[in-house]
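Peer 1: how would this look folded up:
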Amino acid sequence: MPVSPMNRREFVQKSAVTGVAVAAAGAVAAAPAQAAGRKPRTWSFSVLGTTDLHSHVFDWDYYKDAAYSDAKGNSVGVARVATLIKQQREAKGEERVLLVDAGDIIQGTSLAYYFARVQPITGEGVKHPMAVAMNHMRYDAAALGNHEFNYGIETLRKFESQCHFPLLGANALDAKTLKPAFAPYTVKRICVPGAPDIKVGILGLTNPGIALWDKDNVSGKMVFPGLVEQAKKYVPRLRALGCDVVFLTDHSGLDGSTSYGDALPYVENASNLVAEQVPGIDAILVGHTHVEVSSYTVKNAETGEEVLLSEPYCWGYRLSVFDFEVELEHGRWKVTKKTAQTLDPKSVDEDPEIRKLLEADHELVVKYVNTAVGTCTEDLSAAESCWKDVPIMDFIHQVQMDTVKAGLSTSDAALPLISVAAPFSRTADIPAGSVTIKDIAGLYIYDNTLYGKKLTGAQLKDYLEFAAKYYHQVPVGTKVDTATLTNANSFWDYMYDTAAGVSYDIDIAAAEGSRIKNLTYGGTAVLDDQVFVVAVNNYRANGGSGYPHIADADIAYSSTNEIRQLMIDYVTAKGALDPADFAVTNWKLTQGGTAVFQG
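Peer 2: So this is what the prediction gives:
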């Protein structure tokens, strides 16, 4: 699942004040020259950083089958970023540049899915395109992201074996031994002629939320303690090993927020807390929250030293550049200056070598996503799915309900069955006429599996009240503007669930916690003790986004089949997709009892 980019605006604003402005692509600082024959007393080097690449290799949108484009003019893909990295190495010197990633590498595009499920890398002789690209780019290390675990540990281990660099996870521990399941850190040496090497310790930390979000894949196998706790263990160890510079790569945001409530004792977005509470850190490459923070500093509470942080957005939108200046004192190198900025790759060409290496893989995936699986009787758009009951969402609900219904025990099949699902993409559209895999993949963009869980009527109402905090309060008499209506409380679209099988109103004029009105099932008011089977994805079922009751609810059904594939199978079996066949959700927004929109 995606992440929760909390306090996005605050950190972007702070970045603009405290950091270096976003540089033009390819802009680099020249390395300081040394006088001929003199042993150097000062030196400079850089650490380049990417994060949340999510298997974007080329500047391509597989859902649209076209070159990537967005309203901000961004480009995507490591192929362009590779060109920036080449420019940095050429200008600063190959031996003065390290390259690090902060995680979420092997999930996120149709290319990622293809090499996990259609032609999996666990098969004989199949290489993951991201391993090929990142090996070519000569990465020095990468942190584990939470999405690394989406396809199971076997796929992750296979990817790890294909990488020529370590995947780091100091807080990814074997559940039985509590020893690191992956390398916690690596130490890189920067050669300085006539002087000691500069030793750079790179510590990798991943997200504790993996224990919830990928519970089915990691339960009983791995545990994920907090970032602060593990950094306190390993940063002193790196210093004891003689590291002159300690650099962290964290798959964790920098605002101290958590999307899963109190379901875990560890903070989700903890990079700022690590910087503040763990002495001995020079800089942190931040990931997970899909925002751009060019440069941000946090003062360590114990030492008063400034820790430098940078987050380069996601998908290859940006490249973080950390520049360090060091001075030799008593035989050890000491950091005297450090700065960070982000570079934009959109104005450079893709690396032709990556194009040559992976063009065939790309074409395989393009052919796959354009495979027709059926037809649709009318155009189904998700453009208004965040505030209207629309048929394209009913499609998801119908598949979930049909699948769970077929797998229930006799006793559970007698209970009322409903479904909950989120509008993942407002740009999704299933056209009238031919329906391809990419049309369905563009609607259901995550690799979730399906559960059936039992909730009482009272718990269901609590669940829907929690979802309704997605809307800003709009008092009666105030015009409803869809541009400002949603995403209240930093509650993003993927976190907002609608329900099918029941009817209800959401009163956006009411205060949070008292917005759900007229909740009925089969035309009758839902009773507090009435028991429902709720079709729900594994992310939400295991506690993702912090919904009440659902994580602890009894399980009536579970499956390892991805919901996206179930949707593809549904269309294939039906031949034609017809909204008249879908479950009717019958929810609507009201304002003091008056309907705002009609579905």
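
Peer 1: can you tell me which residues contact D462?
Peer 2: Residues in contact with D462, defined by Cβ atoms under 8 Å, 6 or more residues apart in numbering, are 548-549. Yep, even glycine has a C-beta here, placed from its N, CA and C like the rest.

Peer 1: give me phi/psi at it?
Peer 2: Phi and psi for D462, reported as degrees, to the nearest 10, are phi -60, psi -40.

Peer 1: pLDDT wise, what is it at?
Peer 2: At D462, the pLDDT value in this model is 98.

Peer 1: could you say which helix or strand contains D412?
Peer 2: Mapping D412 onto the secondary structure by DSSP states H and E places it in helix 410-413.

Peer 1: Now do that helix: distance to the chain's middle.
Peer 2: On the basis of Cα atoms, centre = their mean, to the nearest Å, the separation between the geometric centre of helix 410-413 and that of its chain is 36 Å.

Peer 1: for stretch 348-368, same thing?
Peer 2: In this view, stretch 348-368 has its centroid 23 Å away from the chain centroid, taken as Cα atoms, centre = their mean.

Peer 1: Which positions in it come out as buried?
Peer 2: Of all the residues in stretch 348-368, those buried under the rule 16 or more other Cβ atoms under 10 Å are 348, 350-351, 354, 357-358, 361-362, 364-366, 368.

Peer 1: Render the CA-only coordinates of it in CSV, please.
Peer 2: As requested, C-alpha coordinates have been extracted for stretch 348-368 and formatted as CSV (Å, rounded to 0.1, in the frame of the first residue of the first chain):
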residue,chain,number,x,y,z
VAL,A,348,18.3,15.1,-19.3
ASP,A,349,18.1,12.1,-21.6
GLU,A,350,17.7,8.5,-20.5
ASP,A,351,20.9,6.5,-20.1
PRO,A,352,21.2,4.6,-23.4
GLU,A,353,22.9,1.7,-21.7
ILE,A,354,19.9,1.1,-19.4
ARG,A,355,17.6,1.4,-22.5
LYS,A,356,19.7,-1.3,-24.2
LEU,A,357,19.7,-3.6,-21.2
LEU,A,358,16.0,-3.4,-20.4
GLU,A,359,14.2,-2.5,-23.6
ALA,A,360,13.1,-6.1,-24.2
ASP,A,361,11.8,-6.4,-20.7
HIS,A,362,9.8,-3.2,-21.1
GLU,A,363,8.3,-4.4,-24.4
LEU,A,364,7.2,-7.7,-22.7
VAL,A,365,5.3,-5.7,-20.1
VAL,A,366,3.8,-3.4,-22.6
LYS,A,367,2.5,-6.4,-24.6
TYR,A,368,1.1,-7.9,-21.4
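
Peer 1: Outside of that stretch itself, list whatever touches it.
Peer 2: Under the contact criterion Cβ under 8 Å, 6+ apart, stretch 348-368 has outside partners 25-26, 57-60, 62, 65, 77-80, 82-84, 86-87, 110-111, 114-115, 118-119, 129, 132-133, 136-137, 437.

Peer 1: Among those, the buried ones, what's the PyMOL command?
Peer 2: Selecting in PyMOL just the buried members of these, where the criterion is 16+ other Cβ under 10 Å, is done with this command:
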select buried, resi 25+26+57+58+59+60+62+77+78+79+80+82+83+84+86+87+110+111+114+115+129+132+133+136+137+437
